[in-house]
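K.L.:
Show me the folded form of this:
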Amino acid sequence: MKGILAIAVLVAFIICGAVSTVRAGAGDEAKAKAMVEKALEYLKANGKEKAIAEFNNPKGQFVNGSMYVVLQGMDGVVLANGGNPKLAGQNHLELKDPTGKFFVKEFVEVAKKGGGWVSFTWVNPLTKKVQPKRTWIQKVEGADLMVECGYFE
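P.N.:
Take a look at the predicted model:
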């Protein structure tokens with residue numbers, strides 16, 4: 001009888017874990033979108049140069065754990081990356097994820113439509129492991145720029 005109870009408890013934990021993982025993803029989607037909206041507001045209120053400095057600040061308001069804002073030109077040039085500020089100035093248009101996907105090209109296509117989600121794999125700056133990532137991209141109104149923020153699944 002104790003064995004059956006232990007199995008039932010284990011199954012309940014597995015089910016609850018799966019449900020909480022789904023909920024965490026939905027919460028992370030909302031957080032990523034909110035961070036992009038906040039970044040767009042900051043950019044509009046403070047201008048490009050001040051926004052770049054703040055977005056590049058790893059201890060600033062646009063970095064939260066493994067979530068961080070990226071400001072990138074539609075040409076693929078990184079202007080700011082809170083997860084790795086050293087990437088600023090690099091052109092990532094031809095960058096592929098470990099599966100061979102040209103995800104920055106997809107970012108540009110999504111941004112041209114106004115915004116949306118792109119899934120790819122990337123190195124999590126906290127775990128240093130390659131993980132699936134989902135990123136919200138939004139075009140900056142009136143500029144050839146896009147703001148991005150994603151979460152690791």
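
K.L.:
ok, now how distant is the nearest residue to V77 once chain neighbours are set aside from G73?
P.N.:
Ranked by Cβ to Cβ, 6 or more residues apart in numbering and with sequence neighbours excluded, the top spatial neighbour of V77 is N91, at 4.9 Å. Placement of C-beta: from N, CA and C, glycine included. Distance of N91 to G73, given as Cβ to Cβ, to the nearest Å: 9 Å.

K.L.:
Between those two, tell me which one has more neighbours.
P.N.:
Higher neighbour count among N91 and G73: G73, with 17 against 13, using other Cβ atoms under 10 Å.

K.L.:
In contact with the residue nearest to V77, which residues?
P.N.:
For N91, the contact set (Cβ atoms under 8 Å, 6 or more residues apart in numbering) comprises 75-78.

K.L.:
Per-residue confidence, it, what does it come out as?
P.N.:
Listed pLDDT for N91 reads 98.

K.L.:
now the one 5 residues further on
P.N.:
Each residue has a pLDDT score; the one for K96 is 96.

K.L.:
and it, helix, strand or coil?
P.N.:
coil (DSSP: H, G, I helix; E, B strand; the rest coil).

K.L.:
Tell me how many other residues crowd it.
P.N.:
13.

K.L.:
Contact partners for it?
P.N.:
102-103.

K.L.:
which sections of the chain are below the confidence cut-off?
P.N.:
For the chain, the stretches with pLDDT under 70 are 1-26.
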